[in-house]
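K.L.:
build me a model:
(2 chains)
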Amino acid sequence: MKFFTHLGQYFLLVLRIFGKPEKHRLYFNQTLREMDNLGIKSLGIAVIISFFIGMVVIIHMTINMGNPLIPAFYVSFTTRDVLVLEFSSTVLSLILAGKVGSLIASEIGTMRVTEQIDALDAMGINSASYLIQPKVIAAMFVNPLLVILSIFIGLIGGWVVSQMGGLLTSYDYFYGLRFQFDPYYLVYTLIKSVIFAFIITSVSGYFGYYTKGGAMEVGKSSTQAVVYSMIFILISNYAVTEIMLT
Amino acid sequence: MIQLDSVSKYFGKTMVLNEVNALFEEGKTNLIIGQSGSGKTVLLKCIVGLHEISSGNIYYDERNFSGMSSQERKLIRQEMGMVFQGGALFDSMTVEQNIRFPLNMFTSKTREEKIERVNFCLDRVNLDKVNKLYPAEISGGMRKRVSIARAIALNPKYLFCDEPNSGLDPQTAIVIDNLIREITREYNMTTVINTHDMNSVMEIGENVIFISEGAVIWTGNCEEILKADNKTLQDFVFASELMKKIKG
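P.N.:
Next up, the predicted model:
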């Protein structure tokens, strides 16, 4: 029962988030700031994780496909599909849900418990829209770019290890990357990244916005934001895959 | 002028405000007093519209606020300024950005005009050289003044203060009280202040309503309050040794 109350409250908040902005220029500036805050400041973690995952995936593929009957380029071919289809959109978004989600929930939650949100409401400002809308729009723009970067960096990581460990030749590696490449996979992963960005920012915004109490509750909201964002990412990942790939 | 007509508020089945009737006059400092948990903050938040009332009406100069659409309320809210208990300054913005915020949102002034207005408001609350500081870098008393400066930035007709001198030393508290009274008279605002501080009541209590268990049980001013014969009010007013000595 409580779950449905939260769900209803969440959808009502989403309607408020997309209410008409009081001043478009201020919202635009705020969106640019959030692009820096949520996107550019996540570049480091995205690059490091993608590089190392690319390295690990190629090792796994080499071990599991080390069969003279399977062509060598199949290793980079499968690595590419792992990165494009799942890792760079889903796993990266799960990691960003931890970083960005907790940041959003704690920022908005602190504003709630220190009456800063009440101050916005008392001024006649749609606080939900002012605080959450720029974050949602910024993440929906920036997340796909992070995903593309992640794919690229992951493939570089895979190539570095394949050369260092002598796992396969550069020719085989790049041939595998191009082999039966379907651009629709890229469309699929970018659509997922936009949906995940919406989930991370709106769910975290929801938990922050409805924080009640003090510092402990802000921490609790932050944890809930991360947990629920991850659950909804996984559910929507299944739904989108079912719709787009089957 | 703000008029409350039989305002009640329930949280679930718990009644927090019971048929509150009150009149807050223009150009006067109107005080809502009562013990902690008596419903003062809820009443103030209902008046401002941060809580929806369960029944009754709230009139802002004969405009029925409780019957307005959210769009109409938005307009009336631009005539309000509010000072929160903890200041509620935006901690990621400097003092200047805090005061400029409502000007950015609701006016089409140029940058220079906005800065001029910010400096005027800061000057009015006797603050200078704090424009570039963040709320965390200034004292509690200064934060309250900045909060007042932000509240008056749009030249409001109505000013609401939720325990404006809580957490301040007695001297600073009196300075803040007098500042609010001066501003109220200067701009002929309807000011509603929520407090449980008897010093404030004696200092600026031009129109006082006493709330107990969500109901108004006494109305008067700072002189009349000492002679009131209501037992609950007497217990509240003369709780401290100092007030007992004043009573003689």
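
K.L.:
identify the residue spatially nearest to the one residue in chain B that gets nearest to chain A, adjacent ones excluded.
P.N.:
Nearest to chain A, among the residues of chain B, is residue B:77, at 3.1 Å (C-beta to the nearest C-beta). Glycine gets a C-beta too; all of them are placed from N, C-alpha and C. In space, residue B:77 comes closest to residue A:124 once its chain neighbours are excluded; the distance is 3.1 Å by C-beta to C-beta, 6 or more residues apart in numbering or on different chains.

K.L.:
same question for residue B:230.
P.N.:
Among residues not flanking residue B:230 along the chain, residue B:218 sits closest, at 5.2 Å (C-beta to C-beta, 6+ apart).

K.L.:
residues of chain A that sit close to chain B?
P.N.:
With C-beta under 8 Å from any C-beta of the partner chain as the criterion, chain A meets chain B at residues A:22-23, A:26, A:111, A:114-116, A:118-119, A:121-125.

K.L.:
ok, back up a step: ok, how many other residues are close to the residue nearest to residue B:77?
P.N.:
Using other C-beta atoms under 10 Å in any protein chain shown, residue A:124 has 22 neighbouring residues.

K.L.:
contact residues of chain B facing chain A?
P.N.:
Contact residues, chain B versus chain A (C-beta under 8 Å from any C-beta): B:45, B:48-50, B:73-78, B:80, B:82, B:84-86, B:88-91, B:101-102, B:104-106, B:160.

K.L.:
so how do I select the buried members of those residues in ChimeraX?
P.N.:
Selecting only the buried entries of these in ChimeraX, with 16 or more other C-beta atoms under 10 Å in any protein chain shown as the criterion:
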select /B:45,48,49,50,74,76,77,78,80,82,84,85,86,88,89,90,101,102,104,105,106,160
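
K.L.:
helices or strands up against the longest helix along chain B?
P.N.:
If you go by DSSP state H, chain B has its longest helix at helix B:170-187. Here helix B:170-187 touches strand B:29-33, helix B:140-152, strand B:158-162, strand B:190-195, helix B:198-204, going by 3 or more C-beta pairs under 8 Å, 6 or more residues apart in numbering or on different chains; DSSP states H and E.

K.L.:
for those, give me TSV that also has mean pLDDT.
P.N.:
Formatted as TSV, these follow (pLDDT from 0 to 100):
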stretch	mean pLDDT
strand B:29-33	93
helix B:140-152	91
strand B:158-162	94
strand B:190-195	93
helix B:198-204	86
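
K.L.:
so which of these is nearest residue A:49?
P.N.:
When those are compared by C-beta to C-beta, helix B:140-152 sits nearest residue A:49, at 41.2 Å.

K.L.:
just the CA atoms of that closest one, as PDB, please.
P.N.:
Taking Å, rounded to 0.1, in the frame of the first residue of the first chain, the C-alpha atoms of helix B:140-152 are listed here in PDB:
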ATOM      1  CA  GLY B 140      23.500  34.000  13.200                       C
ATOM      2  CA  GLY B 141      22.400  37.600  13.700                       C
ATOM      3  CA  MET B 142      23.700  38.600  10.300                       C
ATOM      4  CA  ARG B 143      22.000  35.600   8.700                       C
ATOM      5  CA  LYS B 144      18.700  36.800  10.200                       C
ATOM      6  CA  ARG B 145      19.300  40.300   8.800                       C
ATOM      7  CA  VAL B 146      20.200  38.900   5.400                       C
ATOM      8  CA  SER B 147      17.000  36.900   5.500                       C
ATOM      9  CA  ILE B 148      15.000  40.100   6.300                       C
ATOM     10  CA  ALA B 149      16.800  41.900   3.500                       C
ATOM     11  CA  ARG B 150      15.800  39.100   1.100                       C
ATOM     12  CA  ALA B 151      12.200  39.200   2.400                       C
ATOM     13  CA  ILE B 152      11.900  43.000   1.700                       C
END
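
K.L.:
helices and strands around that helix, which ones?
P.N.:
Counting contacts by 3+ C-beta pairs under 8 Å, 6+ apart, helix B:140-152 packs against strand B:80-83, helix B:95-106, helix B:111-124, strand B:158-162, helix B:170-187.

K.L.:
residue B:213: which of the helices and strands packed on helix B:170-187 is closest?
P.N.:
Closest of these to residue B:213 is strand B:29-33, at 13.8 Å (criterion: C-beta to C-beta).

K.L.:
what packs against the helix or strand that comes right after the closest one?
P.N.:
Next along the chain after strand B:29-33, taking DSSP states H and E as the criterion, comes helix B:40-48. Other elements packing on helix B:40-48 under the criterion 3+ C-beta pairs under 8 Å, 6+ apart are strand B:2-11, strand B:14-24, strand B:29-33, strand B:158-162, strand B:190-195.

K.L.:
quick one: list the elements packing against the helix or strand where residue A:58 lies.
P.N.:
If you go by DSSP H and E, residue A:58 is part of helix A:43-64. Judged by 3+ C-beta pairs under 8 Å, 6+ apart, helix A:43-64 is in contact with helix A:73-82, helix A:92-96, helix A:127-164.

K.L.:
using PDB, list the CA coordinates for it.
P.N.:
This file holds the C-alpha atoms of helix A:43-64, laid out as PDB (Å, rounded to 0.1, in the frame of the first residue of the first chain):
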ATOM      1  CA  LEU A  43      33.900  12.100 -16.600                       C
ATOM      2  CA  GLY A  44      36.800  10.800 -14.400                       C
ATOM      3  CA  ILE A  45      34.900   7.900 -12.900                       C
ATOM      4  CA  ALA A  46      33.300   7.000 -16.200                       C
ATOM      5  CA  VAL A  47      36.700   6.900 -18.000                       C
ATOM      6  CA  ILE A  48      38.500   4.900 -15.200                       C
ATOM      7  CA  ILE A  49      35.700   2.300 -14.900                       C
ATOM      8  CA  SER A  50      35.200   1.900 -18.600                       C
ATOM      9  CA  PHE A  51      38.900   1.500 -19.300                       C
ATOM     10  CA  PHE A  52      39.300  -1.200 -16.700                       C
ATOM     11  CA  ILE A  53      36.100  -3.000 -17.600                       C
ATOM     12  CA  GLY A  54      37.200  -3.100 -21.200                       C
ATOM     13  CA  MET A  55      40.500  -4.700 -20.100                       C
ATOM     14  CA  VAL A  56      38.700  -7.300 -18.000                       C
ATOM     15  CA  VAL A  57      36.100  -8.200 -20.600                       C
ATOM     16  CA  ILE A  58      38.600  -8.900 -23.300                       C
ATOM     17  CA  ILE A  59      40.500 -11.200 -20.900                       C
ATOM     18  CA  HIS A  60      37.300 -13.100 -20.100                       C
ATOM     19  CA  MET A  61      36.400 -13.400 -23.700                       C
ATOM     20  CA  THR A  62      39.900 -14.700 -24.600                       C
ATOM     21  CA  ILE A  63      39.700 -17.300 -21.900                       C
ATOM     22  CA  ASN A  64      36.200 -18.400 -22.700                       C
END
